[in-house]
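Q: just need the structure, nothing else, for what follows:
(chains A, B, C and D)
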Number of protein chains: 2
Amino acid sequence: MHSPELLKGTLQTIILKLLADNGKMYGYEITQKVKSLSDGKLVLTEGSLYPTLHKLEAEGLLSTEKVSMGKRIRKYYLLTPVGNSTVSQKIEDFEAFISTMFNVLQIKPAY
Amino acid sequence: MHSPELLKGTLQTIILKLLADNGKMYGYEITQKVKSLSDGKLVLTEGSLYPTLHKLEAEGLLSTEKVSMGKRIRKYYLLTPVGNSTVSQKIEDFEAFISTMFNVLQIKPAY
DNA sequence: CGTTTTACCTAAGACTCCAATGTATTGAAC
DNA sequence: GTTCAATACATTGGAGTCTTAGGTAAAACG
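A: Numbering: from 1, shown residues only, chains lettered A, B, ... in the order given. Below is the predicted model:
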């Protein structure tokens, strides 16, 4: 489990990248995917996930598709064209930030 | 210049590491050091720096030394023993977070 | 002598995320 | 067949971090 502070600013990037890779996903699916990809180290709470999804939708980066699964309605999120063109930018921003951080901290990445 | 959101949670780590490397520094010196190490990409504002320094001091990670430079008082910050033992932990937390992020984003570090 | 740089600081607000809570369906265990 | 865990959506209040904007003043530079 990570210091929650570090997550700030990365949640949108995570969501957008997952949707770019997987086409469309619903909220709960995103939480499970993040959990498995991170080996349980990163757990998205609903209190952060849903407001972020709604915000990205309001900004026009995501659109939604409601699908009835029996009596339950599942809400899929998918990238809009705008959202799609934003993903790589977000990834680049993240990588550039990491690079800068390594410079400032004067450490070398252990890869 | 980076998306300011990404910086969140990293400011303490930056300050502690700089002090670990440089012994003691004063506020303004820290802003200049960060600016030069990051090639101007990371600029600490005073509104975030000073409250963070004061908080770290209140938590017992930093202590201060006031030095008169003529009529001006310069306030040096240095690591306490507790602060010193915290630095490597913060760095490790940061590195672990980056590693997790690369897994979740399913990208490889470009180093 | 005026402007830039140095040097400290605070306060109001925005923004992001978390914890807690609420609702309801589905599937597995017993 | 009922209870519990997992699935699935969501909101609200609050904590924490940073930014914007402001305030004060000395030293250096032109």
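Q: by mean pLDDT, flag the weakest helix or strand of chain A.
A: Using mean pLDDT, DSSP states H and E, helix A:4-7 stands out as the lowest-scoring helix or strand of chain A, at a mean of 67.
Q: quick one: contacts of the longest helix anywhere in chain A?
A: Assignment by DSSP state H gives helix A:81-105 as the longest helix of chain A. Contacts with helix A:81-105, where a contact means C-beta atoms under 8 Å, 6 or more residues apart in numbering or on different chains, come from A:10, A:12-13, A:16-17, A:19-20, A:56, A:60-62, A:79, A:108-109, B:2-3, B:6-7, B:10, B:13-14, B:17-18, B:34, B:37-39, B:41-42, B:91, B:94, B:98, B:101, B:105, B:107, B:109-110. Bear in mind the C-beta positions are built from the backbone N, C-alpha and C, glycine included.
Q: can you say which of those residues are buried?
A: A:10, A:12-13, A:16-17, A:19-20, A:56, A:61-62, A:79, B:2-3, B:6-7, B:10, B:13-14, B:17-18, B:34, B:37-38, B:41-42, B:91, B:94, B:98, B:101, B:105 (16 or more other C-beta atoms under 10 Å in any protein chain shown).
Q: out of these, who's near DNA strand D?
A: Under the cut-off given by C-beta under 7 Å from any atom of the strand, DNA strand D has B:7, B:10 from the buried ones among the contacts of helix A:81-105 close to it.
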